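Engineer: Provide a 3D model corresponding to the input given below.
(chains A and B)
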2 protein chains.
Amino acid sequence: MSKVTKDIEAPLAKVFSYIDENKGKFVETLSQAVAIKSVSADPTLRNEVFKMMEWAKTKLLALGAVVELCDIGSQVLDGKNVPLPPVLLGSLGKNPKKTTVCLYGHLDVQPADKSDGWATEPFVLTERDDKLFGRGSTDDKGPVLGWLHAIEAFQNTGSELPVNLKFVFEGMEESGSIGLDKLLMKQKETFFNDVDFVCISDSYWLGTEKPCLTYGLRGMCCFGIEIEGSSKDLHSGMFGGIVYEAMSDLIYVLSQLVDIKGNILIPGINEGVEPLSEKEKELYNKIKFDVDHYCNEIGAYKPLKETKEELLMSNWRYPSLSIHGIEGAFSGSGFKTVIPRKVIGKFSIRLVPNQDPSRIAQIAKAYINKIWEDRQSPNKLNIITEGDGGNPWMTDPFNAHYLAAHNATEMVYSIEPDYTRGGGSIPVTLTLQEVTGKNVLLLPMGAGDDGAHSQNEKIDVRNYIEGTKLMAAYLHEVSKIK
Amino acid sequence: MSKVTKDIEAPLAKVFSYIDENKGKFVETLSQAVAIKSVSADPTLRNEVFKMMEWAKTKLLALGAVVELCDIGSQVLDGKNVPLPPVLLGSLGKNPKKTTVCLYGHLDVQPADKSDGWATEPFVLTERDDKLFGRGSTDDKGPVLGWLHAIEAFQNTGSELPVNLKFVFEGMEESGSIGLDKLLMKQKETFFNDVDFVCISDSYWLGTEKPCLTYGLRGMCCFGIEIEGSSKDLHSGMFGGIVYEAMSDLIYVLSQLVDIKGNILIPGINEGVEPLSEKEKELYNKIKFDVDHYCNEIGAYKPLKETKEELLMSNWRYPSLSIHGIEGAFSGSGFKTVIPRKVIGKFSIRLVPNQDPSRIAQIAKAYINKIWEDRQSPNKLNIITEGDGGNPWMTDPFNAHYLAAHNATEMVYSIEPDYTRGGGSIPVTLTLQEVTGKNVLLLPMGAGDDGAHSQNEKIDVRNYIEGTKLMAAYLHEVSKIK
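Structural biologist: Got it, this is the predicted structure:
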């Protein structure tokens, strides 16, 4: 990696010093946030999510923001009507001469229990080896606090906040962001009408050494192939050799989806995939990515592609298909000699920029129907799709907004950021792009090994502190655009 | 069906009348037995199985039998040490001039709960439309009581019991008959040394109208194909296109096992299958079996074979392969975009007479290893087999023992019985054949629609009563052989 030396402009020098000096306090604030068990998937902990949103409201008020906890109704969970946590909308500053940046983050977390394999109590932030372990430390309480601390650093060092800010903090991100899109769409002409840029810090570096700016995400279509062979589960002794088994049919259909090299066998599945430009190709060459280390981390025997570039492209710019499992078949340990009456094979296709989920779903369905017709099974097939699928997202990273983040990164980390995409989806990215009509930047704080949804989720102390500086530097740089 | 008229020999006329006259009492006895929740799979109900064995002991003692409840130790169930219910061994009569018949039955039952979809309380025997609904009514408390009532009928009508009897009643049949084989093998030279014939009433008519004698059962090999792709479950967004997915590998291997017509694709899988003799072929032609009705009953769209004969042969005299499910993959409802780290595909092969489970397992493993080698996946494969597999069983039904049962059937039902086999396994059949060295007959009492392991298990009042007469007639006929 080649070092870059960039001068730290005033007032950032003071801001950075403040952040360094207040490291202990910032860690303490994160431990308060982590202690609130705001697991959105667990209805018995819903009050904790409410508490978390109130906590964040108090923090924003202390910074001088105008805030509102917006009621977004209720949901049915485990058969009960459960109120949804409010969405926190806030504004700080309304100087028409300043750039207005909209920041998104979420304050709910994934479920966690020590018995799942945590080395420490998940809701007690624990520092070990310069890492802060705890649920939500990196996803996404740490990054949300990063923004608040960056603002505090400007304010407490006598520097004027260089931009106006809008905050969108939600409490349902880990549970499908129910109710969020509807609320945001309604605010298009009001809350969002003066936003110039959107910045989301809810993604991760590719590895552990080099920061990155993320400019693309994949979309998704989910499919269920339901095959029904009989009206009852049957005993394989009594009925083996008598019936056309639904499982044999399903296994056959699933076997026709993808080959050993991960190539999707559905004709036309690459429809819409953009050609690789020279400029984009160069981005891949520069990226720091150790394939062997990456495979070792997850215990994979061999990567699907030979080179770093091919592998990243395979995950970011080409569709991939994964088979997740089968509903209705025997899934326990041991043996149960059942011929299941109805089975549903679940798979999904990750879509890439310029692909339309409904069009891809149509292509996939036509293919499956053709496979089925050729098989001539008397059993019944039904193809299930989940909602409308998720759209892919991509922005051209060669713009002033990304350049501001690029400069900020060089200032803090003394290195050029990598330009990355994500293989997964962050649906709010598209929503915020739509309601503001402005450019969206994904600016990660955490590292690739933080284990966002896993046991022992952590954020490195260094990234938590330097990431806060990066946020401050980003606000400084982005203020110069307008 | 052509009617057969057979004279009812004395003393059977009196015995049959007694059975008819005591119908109400016999139904009442069955309701007492059904009320004992002797579910062997449920450790919290283990005391009920003990109670059931005690109840049966009392009944046998009342008939004048010498009985012993044999302790067979304990098992580990749900992590706890649980005592096994004793096996009830009994003897009634030891006249060296008489034939000695060994009767087997079991007094434990499958789990049942009204909420599973029962129309009546499963442990309250309920008569509706001349059917007796209740768990264990047909499997196997009804048939066990049939034997006891047949003996009572001889005794209470002043007729000498025509045979000596040995009883083997167990309480673990629905949970793999743990401990039974070991006990029986130990008794080979003692309890079993004077047995002439073995009769088991724990199977069913093929349909609902015509009684049958069963002369063959299939064996079984169970397989687990375990494929490991990584050391953690992975998110399909972050890792789709990066790794060789274990599920794709597994689906491929499973797809190479059986074709649309149920033909097993493993070369050599028919090794040992006996050629079809003319004599055996004739048995199939005579069998009463309505294919359409059979398919309708289970809601299957079409049978795997065109003719009745082909279909029965496919289930009885040729191996079949069923895929049961996958352990380790997502099996819930909805969608979870996971790339499972390790998956185990479960399938079994039903073996037919003259096939050796260990030899077939060897053939199947070699084939799977070949498929796997050709695929060239970097993932890890491990083939799991369950125990030693179960041996198939068959006897030549053209013998004096089956003829005795044939005559008894004609006497009670005025019709020739069908000669059937079963597609499933009853392992004790082989054990009793081995420890006695004598011919074993399967003499069903219940009908094909009794729903032995299903909700709303029942036995028809007619079959319960006529079946008891059949047992009496069988004892009478078999006594003439020696």
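Engineer: switch to C-alpha atoms for all contacts and neighbour counts from now on
Structural biologist: OK.
Engineer: Now the residue nearest the centre of chain A. Nearest residue, chain neighbours left out?
Structural biologist: In chain A, the C-alpha nearest the mean C-alpha coordinate belongs to A:Ile426, at 4.5 Å (CA atoms, centre = their mean). Using CA to CA, 6 or more residues apart in numbering or on different chains and skipping residues adjacent in sequence, the residue nearest A:Ile426 is A:Leu217, 7.3 Å away.
Engineer: And A:Phe223, by the same measure?
Structural biologist: Distance criterion CA to CA, 6+ apart; nearest residue to A:Phe223, sequence neighbours excluded, is A:Thr385 at 4.7 Å.
Engineer: count of residues packed around that neighbour?
Structural biologist: Applying other CA atoms under 10 Å in any protein chain shown, we find 19 other residues in the vicinity of A:Thr385.
Engineer: Spit out the contact partners of it.
Structural biologist: Going by CA atoms under 8 Å, 6 or more residues apart in numbering or on different chains, A:Thr385 touches A:221-224, A:361.
Engineer: Closest one of the residues you listed to B:Pro303?
Structural biologist: A:Gly224 (25.8 Å; CA to CA).
Engineer: State whether that closest one and A:Val343 are indeed in contact, as I suppose.
Structural biologist: No: if you go by CA atoms under 8 Å, A:Gly224 and A:Val343 don't touch, sitting 9.4 Å apart.
Engineer: Which one of those two is surrounded by more residues?
Structural biologist: The neighbour comparison of A:Gly224 against A:Val343 (other CA under 10 Å) goes to A:Val343, with 25 against 22.
Engineer: what's whatever helix or strand A:Arg359 lives in packed up against?
Structural biologist: A:Arg359 belongs to helix A:357-375 when elements are defined using DSSP states H and E. In this structure, helix A:357-375 makes packing contacts with strand A:219-228, helix A:246-255, strand A:380-385, judged by 3 or more CA pairs under 8 Å, 6 or more residues apart in numbering or on different chains; DSSP states H and E.
Engineer: so what's A:Asp202 up against?
Structural biologist: If you count contacts by CA under 8 Å, 6+ apart, A:Asp202 has them with A:105, A:139-140, A:143, A:442-445.
Engineer: Can you report phi and psi for it?
Structural biologist: Main-chain dihedrals, A:Asp202, degrees, to the nearest 10: phi -150, psi 30.
Engineer: Could you check how far it is from B:Leu475?
Structural biologist: 79 Å (CA to CA, to the nearest Å).
Engineer: Chain B contacts on the stretch 151-300 of chain A?
Structural biologist: Proximity of the stretch 151-300 of chain A to chain B, by CA under 8 Å from any CA of the partner chain, involves residues A:218, A:222, A:229-232, A:236-245, A:247-249, A:251-252, A:254-255, A:258-262, A:298-300.
Engineer: among the residues you listed, which ones are buried?
Structural biologist: Among these, those buried by neighbour count (16 or more other CA atoms under 10 Å in any protein chain shown) are A:218, A:222, A:229-232, A:236-245, A:247-249, A:251-252, A:254-255, A:258, A:262, A:298, A:300.
Engineer: For burial, what's the neighbour tally of the closest residue to A:Gly422 other than its chain neighbours?
Structural biologist: Spatial nearest neighbour of A:Gly422, excluding adjacent residues (CA to CA, 6+ apart): A:Leu217 at 4.7 Å. If you count neighbours by other CA under 10 Å, A:Leu217 ends up with 29.
Engineer: Surely A:Leu217 is in contact with A:Pro392?
Structural biologist: Yes: assessed by CA under 8 Å, A:Leu217 is found in contact with A:Pro392 at 5.7 Å.
Engineer: For those two, list the residues in contact with both.
Structural biologist: Listed contacts common to A:Leu217 and A:Pro392 are A:352-353, A:425; contacts here mean CA under 8 Å, 6+ apart.
Engineer: quick one: which of the residues you listed is nearest to A:Glu68?
Structural biologist: Taking CA to CA as the measure, A:Glu68 sits nearest to A:Ser425 out of the shared contacts of A:Leu217 and A:Pro392, at 27.6 Å.
Engineer: dump the residue contacts of the closest one.
Structural biologist: Applying CA under 8 Å, 6+ apart, the residues contacting A:Ser425 are A:217-220, A:390, A:392, B:237.
Engineer: Next: A:Thr138.
Structural biologist: Here A:Thr138 is in contact with A:445-446, A:450, A:452, A:457-459 (CA under 8 Å, 6+ apart).
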